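Visitor: I would like the atomic coordinates for the input below:
(4 chains)
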There are 4 protein chains.
Amino acid sequence: MYPKTIQKLIELFSKFPTVGPRTAARFVFYLLRVSKKEREGLTSVISNLKNVNFCSFCFKTFESSEAKGEENLCKVCQDASRDRTLLCLVEKETDLISIEKTKKYPGLYFILGGTVSKLKKEDIKKLRLEELEERIKNPKKFGLLDTNFKEIILAFNPTVEGEATMFYLERILKKLGKKITRLGRGLPIGGELEYADEETLSSALESRR
Amino acid sequence: MYPKTIQKLIELFSKFPTVGPRTAARFVFYLLRVSKKEREGLTSVISNLKNVNFCSFCFKTFESSEAKGEENLCKVCQDASRDRTLLCLVEKETDLISIEKTKKYPGLYFILGGTVSKLKKEDIKKLRLEELEERIKNPKKFGLLDTNFKEIILAFNPTVEGEATMFYLERILKKLGKKITRLGRGLPIGGELEYADEETLSSALESRR
Amino acid sequence: MYPKTIQKLIELFSKFPTVGPRTAARFVFYLLRVSKKEREGLTSVISNLKNVNFCSFCFKTFESSEAKGEENLCKVCQDASRDRTLLCLVEKETDLISIEKTKKYPGLYFILGGTVSKLKKEDIKKLRLEELEERIKNPKKFGLLDTNFKEIILAFNPTVEGEATMFYLERILKKLGKKITRLGRGLPIGGELEYADEETLSSALESRR
Amino acid sequence: MYPKTIQKLIELFSKFPTVGPRTAARFVFYLLRVSKKEREGLTSVISNLKNVNFCSFCFKTFESSEAKGEENLCKVCQDASRDRTLLCLVEKETDLISIEKTKKYPGLYFILGGTVSKLKKEDIKKLRLEELEERIKNPKKFGLLDTNFKEIILAFNPTVEGEATMFYLERILKKLGKKITRLGRGLPIGGELEYADEETLSSALESRR
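Guide: Model prediction:
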């Protein structure tokens, strides 16, 4: 019953993650309320996404204009002052950004591109597992000089999917002979001892300071 | 730390209703994953919103191509078979669509464009109150022939804002000498008698069938 | 690791509806904090539950001391001024109390004692179905004089369980030749048109006033 | 409208933590459904709470029958194999039990009996602060021989109240010249990096293993 342009746009927004048809409709009516100029601003930035590239080592995004010479490395991978013995594996770029914001991690990253929940073959195929092995074995080939990883940090969410993924990664990375670590467990802001599992509490006790 | 195109798009999506920076980031990475063609499809439909007009009587949207002759009326207002003695006031177009879907309402609509929570002057000014009075008094002027409203239905949400708006509308519409009604209260799907307020239960008892 | 008295009491409270072991532990520590006298007050009232009887007609509770003559009728059933052509079926006593609080229902009640979700035989057996039929057919036998039900109101929650129960009751009550009604649907306090199902909105429109 | 015994019991259960009148009513109807014998079992165990004592050192509960000689010490404090250089401060006994379940903590405890949210004098007075200082300074006086605390662990929830309490405790314990530590932060089961605060992520990175 909506005009067909609105109906079509509701459909397209409904494909966005977390968006259902009701929220999609709210998005459309929001865009109808703002000025034509604001809508043009939005479509112009969406078009500019074609200038966003993926780092040839870690798969983080970077703007074409940020590229240096012929290399296709993001700023983190370009930065010679980072500790090139540490590699932190994350599910997605937003997790990398969260860790960067702490300013406590000096090493490099690799974005796996997803997680697996039940170790199904088709899910595992979607992860960048071959790319990961190649980069750990031969970082030079991907533009990283003077790099020799000694520790691989599995920085995945302590959810069912994250745990399954770490379990799988441990198995396949073990043969590369690197130290493999996981993030420490503990109570988060707002958490309560009463509801914490034993592993979380044990980790919180051991990492007390 | 995101490239500036991504950062800019996160900002623009964060202005969308219900969207915070985290969800906005997920939208951007979704758009980076889909093909360039799909992104072009989206920007093209957003541009087409310029062809969407608002009905000169009820303020519902309609496509330019749906317009009939020189009139700027939506399909509901154009439809001569609708009961032109009934006018249903709603907050927004999605509420109108919800009522249309029941196929039980034969009359016309008017979209007020919002609600007021505390009867503040600045909030009240944003509502289409003058437009409403004009259209009730002289529907012909806005393209609606043979129209004489006998009942005004206040179809607002039974929330604090909706109730305040209906309270205010009753006061200003009373002087027009029309019958004013509100939607019946009752238990919704999944509701429980134990948690229902007395007015809801009374209404549910009276409207039993 | 708790002393055994505490452990035992946690177990007993964990059997209470909605109570898990953590809440049960909080109950025990609450009781350890209050005075011995307060604990004695609680155990004394719990013991007094032996004086609570169930109405021989509707199964509502009543205190032994409220009984009149030899009859075992609750106050509602004793009240000769109630409309004895109306019978309202409810799941449990708290629903009866909710309806009584509206002061809009003049008739009698019957507490079915539960609901069925999937029309399983063992669930159906737990309901007071034979008792219901007997009381509709021959209310005099259970102490209600001058009683002839004309309408049976099915006042169950519009949940999956409530709907299944009403569906089943309609089937078995149809043969008794009484008018059978259900509570009207509508929007509850805080509800939104946008999220209402079509039946709810239709009912809200029809019962407008 | 409930019989007065039921009404009275609803009132008493409504005083239980987390219990409102609706849940209290459900408790009463649960007790009406179980046998008289089961109700007597419950009242008997509630009466037995008079045999539960509080440890003279740490304030944990213990059964009179568990007491050894003339001392009023709980099993943890009686246990000579525990590490008497470590003292873990907790808000309440359930937190102590949570830590004991990990089997990773070898030291002693002290139950503070609450938390403070805004460092109000009246809230602070309710905590066992004097008792705490006395026990740290002179554990022998309270039955603990060969005890000399070197580290005080503040094991409070990382909530607003817990943080305020730890802040206050640090200030007053500093003058006793003991090492003071807090539990490590980290991601809990089900947590996500994307939503973790920087301190939590930093702690999780540092305590990786």
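Visitor: count of neighbours near A:Ile124?
Guide: For A:Ile124, the number of neighbouring residues by other C-beta atoms under 10 Å in any protein chain shown comes to 15. Where C-beta positions appear, they are placed from N, C-alpha and C, glycine not excepted.
Visitor: equivalent analysis for the one 5 residues further on, please.
Guide: By the measure other C-beta under 10 Å, the count of residues near A:Leu129 is 16.
Visitor: could I get the pLDDT score of it?
Guide: Model confidence at A:Leu129, expressed as pLDDT, equals 96.
Visitor: that one: what's it in contact with?
Guide: Under the criterion of C-beta atoms under 8 Å, 6 or more residues apart in numbering or on different chains, the contact partners of A:Leu129 comprise A:112, A:172.
Visitor: and it, how close does it get to A:Phe110?
Guide: With distances taken as C-beta to C-beta, to the nearest Å, A:Leu129 is found 11 Å from A:Phe110.
Visitor: ditto for A:Glu63
Guide: Going from A:Glu63 to A:Phe110 by C-beta to C-beta gives 20 Å.
Visitor: with A:Lys60 instead?
Guide: 9 Å.
Visitor: do A:Ser81 as well
Guide: A:Ser81 sits 19 Å away from A:Phe110, going by C-beta to C-beta.
Visitor: distance from the chain centre to the helix-or-strand element of chain A with minimal mean pLDDT, please.
Guide: Taking mean pLDDT, DSSP states H and E as the measure, the helix or strand of chain A with the lowest value is helix A:121-126, at a mean of 88. A distance of 17 Å separates the C-alpha centroid of helix A:121-126 from that of its chain, computed with C-alpha atoms, centre = their mean, to the nearest Å.
Visitor: report the buried residues of that helix.
Guide: Along helix A:121-126, these residues count as buried under the neighbour rule (16 or more other C-beta atoms under 10 Å in any protein chain shown): A:Asp123.
Visitor: now do the strands in chain A.
Guide: Taking DSSP state E as the criterion, chain A carries its strands at A:52-54, A:61-63, A:86-90, A:108-111, A:151-154, A:179-182.
Visitor: ok, the fourth one: who's next to it in the sheet?
Guide: So that's strand A:108-111. According to DSSP bridges, strand A:108-111 forms sheet pairs with strand A:86-90 (parallel).
Visitor: residues of the strand it pairs with that come out buried?
Guide: Burial within strand A:86-90, assessed by neighbour count using 16+ other C-beta under 10 Å, is assigned to A:86-90.
Visitor: which one among the residues you listed gets closest to chain B?
Guide: In terms of C-beta to the nearest C-beta, no member of the buried residues of strand A:86-90 lies closer to chain B than A:Val90, at 13.1 Å.
Visitor: my guess is that closest one contacts A:Ala155. True?
Guide: Yes - if you go by C-beta atoms under 8 Å, A:Val90 and A:Ala155 touch, sitting 5.2 Å apart.
Visitor: just the CA atoms from stretch A:42-50 would do, formatted as CSV, please.
Guide: Below are the C-alpha coordinates for stretch A:42-50, written out as CSV (Å, rounded to 0.1, in the frame of the first residue of the first chain):
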residue,chain,number,x,y,z
LEU,A,42,24.2,10.0,1.6
THR,A,43,24.2,8.5,-1.9
SER,A,44,27.4,10.2,-2.7
VAL,A,45,29.2,8.7,0.3
ILE,A,46,27.8,5.2,-0.5
SER,A,47,29.2,5.5,-4.0
ASN,A,48,32.6,6.5,-2.6
LEU,A,49,32.8,3.0,-0.9
LYS,A,50,34.3,1.9,-4.2
